[in-house]
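Undergrad: give the three-dimensional model of this entry:
(chains A and B)
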There are 2 protein chains.
Amino acid sequence: MLPSKAQIIELGPRDGLQNEKQTVPTEIKVDLIHRLVDAGVTKLETTSFVSPKWVPQMGDNTEVMNAIQRKPGVVYSVLVPNMKGYEAAVLTKPDEVTVFGAASEAFSQKNINCSIAESIERFAPVVEAALAAGMKVRAAMSCTVGCPYEGEIAPERVDYLAGLLKNIGVQQVAVADTIGVGTPLKVQRAIEATLKHFSVDQISGHFHDTYGQALANTLAAVQMGVWQHETSVAGLGGCPYAKGATGNVATEDVVYMLHGMGIDTGIDLDKLIDAGQMISDFLNRPSGSRVARALLTKRASAACA
Amino acid sequence: MLPSKAQIIELGPRDGLQNEKQTVPTEIKVDLIHRLVDAGVTKLETTSFVSPKWVPQMGDNTEVMNAIQRKPGVVYSVLVPNMKGYEAAVLTKPDEVTVFGAASEAFSQKNINCSIAESIERFAPVVEAALAAGMKVRAAMSCTVGCPYEGEIAPERVDYLAGLLKNIGVQQVAVADTIGVGTPLKVQRAIEATLKHFSVDQISGHFHDTYGQALANTLAAVQMGVWQHETSVAGLGGCPYAKGATGNVATEDVVYMLHGMGIDTGIDLDKLIDAGQMISDFLNRPSGSRVARALLTKRASAACA
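TA: Below is the predicted model of the structure:
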């Protein structure tokens, strides 16, 4: 039985833009966020409170959070790497904070210089403080099917990580294929391992499209009842620490598939495409969304007819 | 229960190259065919015997067929549009001929200037002659989920077309999403309609990637037991008569997904990527396969390390 509804968790303004070489001015980020919400997005990562030394593109995190006009009911989420980031984030009153952990020990070491268990321990006070302050807490589990250093990741590693996250009070987790190497059955096994600790309503899929598999993997997740999908408008993004990783699956392509399957997202695809086109134009490159490219071609030829 | 094996029906040398603007010399086509077979492809469309007035890129059909060194067991298939094409084709001794029909009346009229029923009647003597000569006969059913002129196509239209094709003796049919607008459930309904007339072993999927849905649609087909997949190396191709259509799903991306799911294709992915790179280099453009782009990046960085 497929879910009848889905929620997009839009990552473009954070996971997307943080990996772009070009600096994007605050007002463009704010415009993008406004357009996404206007298109019907009800949950999005707006920025991250990682040190600007590591992620300079998110250095205007406080400015972005203070500049956006919030729509009631929409969840504005921010990524925080540690207690220091949390303390800066909380002043901007996000609805949710996102923490993270890797299913791969080597990735954890290379990315944040500590073991998986240590990284989760460090996040425990962040989760505690956020929950006490009435915020939601989500965690991204990276490298749940493959790792650039270790290769294939066993579902047992995902089970282990999901258990640690559940234990510190995380309410929702993303099963992320950070380097996009996953295929449908492997992704389903990672989700199965996560289901030992979280209900299907607490799980989102997060698939990068490096090997073109992201939409097939999204379908595989939908077939397990997953209805929350982490995507980036125009396919923005990637991970600067994961060699050869390209952007998240494009929001437009996921929305098109879901609508075609009769699954309601509440999103106006045309407005979404306009939002993606604005940021693609700013970055001076074609959209990473095939749906956007196909429908913009159609619009252009209709305008000529 | 997923199939444990799959067969790629490689369309690059025909559906792919016929839609390229650049003229590809016969020796490059022959080299591509040899490389594909060397990579493990066991069935491929080598050329078409459509009038060079309509499809100049396939004007060297006889030369290509005569120049290729055939490997025993491999099925070398050619597209024929009518009796005249068949008569030219038969001299080159193909193992299979492919005929075609549209599930959309408007597409049939615009593409070949006659109704669906008339088009199938015209193919009847071709099918009869090919079967009498001991050849296999496959048919491509175009626009089985959507049509550039009529929009969405009902499964009943696919049922009707499949019945007509069965009736004239066609042994195998491709369920084609010619303009790439389909999504997984719609594709499954088109396959279901086809299953009223043909067994699952007689059905192949043929999905264009215009809206980025082709791999998800391939997965949906696999989940119905379909194990024959029509694909183009490097994502070559498209349909010049279908506005906004882009190439077939890339063979590399399908093979990567199937292997990742434990489904054997008999294909050496590295050799396949080399074949795709040869033709992409010739056409002076990046490969349309994300798997090829990702693995070539990986190869390049390994070579530097």
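Undergrad: for the residue lying closest to A:D209 once chain neighbours are set aside, what are phi and psi?
TA: Nearest non-adjacent residue to A:D209, counting by CB to CB, 6 or more residues apart in numbering or on different chains: A:V249, 5.1 Å away. Where C-beta positions appear, they are placed from N, C-alpha and C, glycine not excepted. Main-chain torsions, A:V249, degrees, to the nearest 10: phi -60, psi 140.
Undergrad: distance of A:V249 from A:V255?
TA: As defined by CB to CB, to the nearest Å, A:V249 lies at a distance of 11 Å from A:V255.
Undergrad: and for A:T144?
TA: In terms of CB to CB, A:T144 sits 23 Å off from A:V255.
Undergrad: which one's more surrounded, the two?
TA: Ranked by neighbour count (other CB atoms under 10 Å in any protein chain shown), A:T144 and A:V255 place A:T144 first, with 33 against 28.
Undergrad: that one belongs to a strand?
TA: No: secondary structure of A:T144 (DSSP: H, G, I helix; E, B strand; the rest coil): coil, not part of a strand.
Undergrad: so who does the nearest residue to it once chain neighbours are set aside touch?
TA: Distance criterion CB to CB, 6+ apart; nearest residue to A:T144, sequence neighbours excluded, is A:A190 at 4.2 Å. A:A190 makes contact with A:A103, A:T144, A:V145, A:I153, A:P155, A:V158, A:V175, A:D177, A:G182, according to CB atoms under 8 Å, 6 or more residues apart in numbering or on different chains.
Undergrad: neighbours of the fourth one, just the number please.
TA: Close neighbours of A:I153, defined as other CB under 10 Å, add up to 25.
Undergrad: so how far is A:L219 from the residue nearest to A:D209?
TA: From A:V249 to A:L219 the distance is 11 Å (CB to CB).
Undergrad: who's more crowded, those two?
TA: A:V249 (32 against 27).
Undergrad: the more buried one touches A:A216, doesn't it?
TA: No: with contact defined as CB atoms under 8 Å, A:V249 does not count as touching A:A216 (10.0 Å).
Undergrad: and the residue of the stretch 201-305 of chain A nearest chain B?
TA: A:G260 (2.8 Å; CB to the nearest CB).
Undergrad: I'd guess A:I8 is in a strand, am I close?
TA: Yes: per three-state DSSP, A:I8 lies within a strand segment.
Undergrad: what sits against it?
TA: A:V41, A:T42, A:K43, A:H229, A:T231, A:T251, A:V254, A:V255, A:T265, A:I267 are the contacts of A:I8 under CB under 8 Å, 6+ apart.
Undergrad: give me the subset of the residues you listed lying in strands.
TA: A:K43, A:H229, A:T231 (DSSP state E).
Undergrad: rebuild those residues as JSON lines, extending it with distance to chain B, pLDDT and neighbour count.
TA: As requested, the ones in strands among the contacts of A:I8 are exported to JSON lines (distance: CB to the nearest CB, whole Å; pLDDT from 0 to 100; neighbours: other CB atoms under 10 Å in any protein chain shown):
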{"residue": "A:K43", "distance to chain B": "23", "pLDDT": "98", "neighbour count": "21"}
{"residue": "A:H229", "distance to chain B": "13", "pLDDT": "98", "neighbour count": "26"}
{"residue": "A:T231", "distance to chain B": "12", "pLDDT": "97", "neighbour count": "32"}
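Undergrad: which one of the residues you listed is nearest B:K5?
TA: Using CB to CB, A:H229 comes nearest to B:K5 of the ones in strands among the contacts of A:I8, at 31.4 Å.
Undergrad: in the stretch 1-150 of chain A, what spans have low per-residue confidence?
TA: Applying pLDDT under 70 to the stretch 1-150 of chain A picks out no residues at all.
Undergrad: which residues does the residue of the stretch 51-200 of chain A found nearest chain B contact?
TA: Distance from chain B to each residue of the stretch 51-200 of chain A (CB to the nearest CB) is smallest for A:T183, at 2.8 Å. With contact taken as CB under 8 Å, 6+ apart, A:T183 is in contact with A:Q213, A:A216, A:N217, B:Y256, B:M257, B:H259, B:G260, B:M261.
Undergrad: ok, A:T144 - contacts?
TA: By CB under 8 Å, 6+ apart, the neighbours of A:T144 are A:A103, A:I153, A:R157, A:V158, A:L161, A:V175, A:A176, A:D177, A:T178, A:G182, A:A190, A:T194.
Undergrad: touching, A:T265 and A:P3? I think so.
TA: No: checked against CB under 8 Å, the pair A:T265 and A:P3 is beyond contact range at 10.7 Å.
Undergrad: the two: which is more packed in?
TA: The residue with more neighbours, out of A:T265 and A:P3, is A:T265; 22 against 19, by other CB under 10 Å.
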